[in-house]
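Q: Let me see the structure of the following:
(3 chains)
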Amino acid sequence: MLEARLSPTLLLKKIIEALKEIIAQGTLDCSDSGLQLQSMDNSHVSLVVLSLQSDCFVKYRCDRNVSLGLDLKSLAKVLKCANSDDTVTIKAIDKPDKIQLIFESDGKERTADYELKLLNLDQDHLGIPDTDYSCVVQLPSMEFARICRDMSMFSESLTIACSKQGIKFSANGDLGSANIQLSEGTKMDVTIEVKDPLTQTFAGRYLNTFTKATPLADRVKICLAPEVPLLVEYPIEDYGYIRYYLAPKVDDPDS
Amino acid sequence: MLEARLSPTLLLKKIIEALKEIIAQGTLDCSDSGLQLQSMDNSHVSLVVLSLQSDCFVKYRCDRNVSLGLDLKSLAKVLKCANSDDTVTIKAIDKPDKIQLIFESDGKERTADYELKLLNLDQDHLGIPDTDYSCVVQLPSMEFARICRDMSMFSESLTIACSKQGIKFSANGDLGSANIQLSEGTKMDVTIEVKDPLTQTFAGRYLNTFTKATPLADRVKICLAPEVPLLVEYPIEDYGYIRYYLAPKVDDPDS
Amino acid sequence: MLEARLSPTLLLKKIIEALKEIIAQGTLDCSDSGLQLQSMDNSHVSLVVLSLQSDCFVKYRCDRNVSLGLDLKSLAKVLKCANSDDTVTIKAIDKPDKIQLIFESDGKERTADYELKLLNLDQDHLGIPDTDYSCVVQLPSMEFARICRDMSMFSESLTIACSKQGIKFSANGDLGSANIQLSEGTKMDVTIEVKDPLTQTFAGRYLNTFTKATPLADRVKICLAPEVPLLVEYPIEDYGYIRYYLAPKVDDPDS
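A: Presented below is the predicted three-dimensional model:
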């Protein structure tokens, strides 16, 4: 059986809010070491990986590996019913057909428990090779979210150019053109590690859905390398992360 | 003639906001002792009663009984035009075809007056028998509103079970099941008086419309007894109340 | 060439937000003395004039007169991408087909530049004769916005009556009638100068769009005279103004 107790519930709310925008359903793999979820997004273009170590929980027990097929919108609805500072306990038996969530207020004057039906989902786990990235940029997650939003007004494509001088985001469209340049500095706290400068173009709408994870972390890490997918990582305190992978657009000589 | 002067306008705003969600039109009966409105909701399932004593008003004069047939959405529109801290004066002649509302700012630098046409409404007053309720629960009105909202995600029906241990709200549906349990205690300030434990099921959407009265009062009183309608009461300071009545669902052996 | 540097960007945001609701496209005439824009609204009923003196800018250079045909919704989109406390630099070459906007954060760790295509717009400049107004009323801009909004619930027409006693706004419709009266006083800070009392009626929906300029100024000036358009003026600090002109409705004996 699985029993995982987390305080406060707010952290779980943020995780599910981040995931539910990009995947409708997903399988949460629970093992002795913690929770893991890997899924392609709804349109099978980008990949999202959640990893949460067992020490993130006040109490964590998982006797046997168990896979929970979750409808994320339903789970988000249940989490909306919890107070952010409630303690949440997630329970499932071995070979479960449902999951139980128990929310307790401080002092236990209010307890709420919910049972959600589980789904039977096919899943293929992709092996994600370790990559030695050419460019690693860390910046405030709010700033990244805003840039993705602003650029999407100009074009469906967002070009990221990374060099020792800084990181530049560009978009061109009918409205006109837009360039936003960030350089390393103390005020905005941008750090840029560049082995080889690189310019890649991405579908902006996926980047925009990645930024639903913004409330999870103050800072986001963007990693680029030639001919491999972009990695956008939001750390979950010291206990794990949500990672998003998105392949760059292939240069089309006609476009 | 009727002349009733109330300060601040905010109280009247809250009363009309609470009523307009549940009844489109209603007759306000004005007498020497105060104002009274009784009406079935738009779908003729639940009953709402407003009572406001004359001492709620800074000035109150009602020479003869007068009935004002009000379109509540129109009245709410007019009240939206008033500042919350304005003083409002309601005026009507005997046998009126319109009502006058005068809003004055502190210092009277701004005065606004509105005339609203009255409606000719049929009305049957129901006699509401005094009931000796088995269970009387008082809880924060915000908490009750939230429970009704949360439960309505799970099912159209909300079951309330009341015992000396506490009050439990339950809902079951396609999404899964939900139970929220409140016990007496100091933190949330729930009080529970139970002569006989009782479990009844109600149509959640009516409970949800009742909770539009939440801004009127910090606390709400829920009264239950076998085979009589639920009473949900929001006190209006020491001057009256809005009461909602809703019959429990009859047990259907097929459901 | 034109180079105009303004700090903070917020002021430009407010100006464009005020204009974009009433005109879709407009020509900004830039000269050594500053910027000017004059345009009929989209339905060719009211007239709007923006005037901004060169000393509003931190740096201002305009070698030759240049006219910039702007799509105001596009410009507003670009301005949404700027931080309110950024410094903005507007650049255009002589005979330009595009305009450049450069936004710099304090410390320049973040710079964003946008190029917007310009439009070729026909424009007729109307000569606006100096008018000796019979009634000049100054009142809080928020109060004026609220009155226009509230009155529009009652009728498409808003009547303004101005006398030494005060200014009265009236509307009549199916819902009922509404009158709001403001008098001179210290609390709300209304000043009224009346040579001859006057009553005029206007199409409320234009007045409502004028009030989009409310964030620009704490106070608004309303000027009336017989048989000439109403003037509604929002000052832009000490550096200029947005003025709106709207002809009164001609008395229709049938209405």
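Q: Show me which residues of chain A sit near chain B.
A: A:74, A:77-78, A:80-81, A:98, A:105-117 (Cβ under 8 Å from any Cβ of the partner chain). Bear in mind the C-beta positions are built from the backbone N, C-alpha and C, glycine included.
Q: Report the buried members of these.
A: Using 16 or more other Cβ atoms under 10 Å in any protein chain shown as the burial test, the residues of chain A next to chain B include A:74, A:77-78, A:81, A:105, A:109-116 as buried.
Q: Among those residues, which ones are in helices?
A: A:Ser74, A:Lys77, A:Val78 (DSSP state H).
Q: Check those against chain C and report the nearest one.
A: Lowest distance from chain C to these (Cβ to the nearest Cβ) belongs to A:Lys77, with 31.6 Å.
Q: Was I right to think the closest one contacts B:Leu175?
A: Yes: A:Lys77 lies in contact with B:Leu175 (Cβ atoms under 8 Å); the separation is 6.9 Å.
Q: what's the overlap in contacts for these two?
A: Common neighbours of A:Lys77 and B:Leu175 (criterion: Cβ atoms under 8 Å, 6 or more residues apart in numbering or on different chains): B:Met153.
Q: So what does A:Asp130 have for phi and psi?
A: Phi and psi for A:Asp130, reported as degrees, to the nearest 10, are phi -60, psi 140.
Q: what residues are up against it?
A: If a contact means Cβ under 8 Å, 6+ apart, then A:Asp130 has no contacts.
Q: The one 3 residues further on too?
A: With contact taken as Cβ under 8 Å, 6+ apart, A:Tyr133 is in contact with A:Cys223, A:Leu224, A:Ala225, A:Leu231.
Q: Select from these the one having the most neighbours.
A: When the contacts of A:Tyr133 are compared by neighbour count (other Cβ atoms under 10 Å in any protein chain shown), A:Leu224 ends up highest, at 26 neighbours.
Q: Return the distance of A:Leu10 relative to C:Lys212.
A: 38 Å (Cβ to Cβ, to the nearest Å).
Q: Likewise for A:Asp196?
A: 50 Å.
Q: Out of the two, name the residue with the larger neighbour count.
A: Comparing A:Asp196 with C:Lys212 by other Cβ under 10 Å, the one with more neighbours is C:Lys212, at 19 against 11.
Q: that's a helix at that one, yeah?
A: Yes: secondary structure of C:Lys212 (DSSP: H, G, I helix; E, B strand; the rest coil): part of a helix.
Q: From C:Ile160, how far off is it?
A: Where C:Ile160 is concerned, C:Lys212 sits at a distance of 19 Å (Cβ to Cβ).
Q: can you check A:Pro235 too?
A: 60 Å.
Q: Give me the more crowded residue out of those two.
A: When A:Pro235 and C:Ile160 are compared for neighbours, C:Ile160 comes out ahead with 22 against 17, by other Cβ under 10 Å.
Q: wait, doesn't the more buried one sit right on C:Thr199?
A: Yes: between C:Ile160 and C:Thr199 a contact is recorded at 7.2 Å, counting by Cβ under 8 Å.
Q: And stretch A:115-133, end to end?
A: Using Cα to Cα, to the nearest Å, one end of stretch A:115-133 lies 43 Å from the other.
Q: same question for that stretch, mean pLDDT?
A: Per-residue pLDDT over stretch A:115-133 has a mean of 88.
Q: what's the distance between it and the middle of its chain?
A: Here stretch A:115-133 is found 13 Å from its chain centre; the criterion is Cα atoms, centre = their mean, to the nearest Å.
Q: And stretch A:108-121, by the same measure?
A: Relative to the chain's own centre, stretch A:108-121 is displaced by 23 Å; criterion: Cα atoms, centre = their mean.
Q: Flag every residue of the stretch 1-150 of chain A that's near chain C.
A: Counting by Cβ under 8 Å from any Cβ, the stretch 1-150 of chain A comes close to chain C at A:Glu143, A:Asp150.
Q: can you rerun that using 10 Å?
A: Within reach of chain C by Cβ under 10 Å from any Cβ of the partner chain, the stretch 1-150 of chain A has these residues: A:Leu139, A:Glu143, A:Arg146, A:Ile147, A:Arg149, A:Asp150.
Q: Surely the last one forms part of a strand?
A: No: the assignment for A:Asp150, made by three-state DSSP, is helix rather than a strand.
Q: what's around it, how many residues?
A: Residues within reach of A:Asp150, counting by other Cβ under 10 Å, total 21.
Q: thinking again about what came up before, make CSV out of the ones in helices among the buried ones among the residues of chain A next to chain B and add distance to B:Val49 and pLDDT.
A: Listed next are those as CSV, based on distance: Cβ to Cβ, whole Å; pLDDT from 0 to 100:
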residue, distance to B:Val49, pLDDT
A:Ser74, 38, 95
A:Lys77, 34, 94
A:Val78, 36, 95
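Q: Turn these into TSV, including distance to B:Lys187.
A: Shown next, in TSV, are these (distance: Cβ to Cβ, whole Å):
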residue	distance to B:Lys187
A:Ser74	30
A:Lys77	26
A:Val78	23
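Q: Give the residue spans of chain A that score low on pLDDT.
A: A:251-255 (pLDDT under 70).
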